[in-house]
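Asker: Okay, sequence plus prediction incoming.
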Amino acid sequence: MREKTLRLIVAFASTHDAMAFEETCLSRGVPGRLIPLPREISAGCGLAWSAPPGEEAAVREALDAAGIREQALRPCLV
C-alpha cells in the first residue's frame, strides 16, 4: 500500500470547474493534478485538485484567475 502524504485538496462544484481549473494551473505552472475526491471531504463533483501544501497562495491565485469558487480547500492525507 502506498504511504499517504499531506496534500492541499481543492474540491469543485462541477466537473466543468475542475477541468477549467486544471487548464488554468497548467498554463500558470501551478503544481498539482486532478484526483478523485478523497472520502474525507464530502463536497463537490467527485474531482479534486491535489497540490503540495506549500502552494496554497498559487492555488488561490489560480482560482481567482479562473473565476472559480472552490467548494472546499484544505489539507488532507491522500
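Answerer: Sure thing, it's come through.
Asker: Check the secondary structure at the residue nearest the centre of the chain for me.
Answerer: Central residue of the chain (C-alpha atoms, centre = their mean): residue 49, 2.2 Å from the mean position. What DSSP: H, G, I helix; E, B strand; the rest coil gives for residue 49 is strand.
Asker: Run through the bridge partners of the closest residue to it other than its chain neighbours.
Answerer: Nearest residue to residue 49 in three dimensions, chain neighbours excluded: residue 10, at 4.1 Å (C-beta to C-beta, 6 or more residues apart in numbering). C-betas here are computed from N, CA, C, even on glycine. Bridge pairing for residue 10 (DSSP bridges) gives the partners residue 49, residue 73.
Asker: Could you measure from residue 10 over to residue 33?
Answerer: 11 Å (C-beta to C-beta, to the nearest Å).
Asker: who touches both of the two?
Answerer: Common neighbours of residue 10 and residue 33 are listed as residue 49 (criterion: C-beta atoms under 8 Å, 6 or more residues apart in numbering).
Asker: These two: which is more packed in?
Answerer: residue 10 (30 against 12; other C-beta atoms under 10 Å).
Asker: Spit out the contact partners of that one.
Answerer: Neighbours of residue 10 in contact, by C-beta under 8 Å, 6+ apart: 21, 48, 49, 51, 59, 63, 70, 72, 73.
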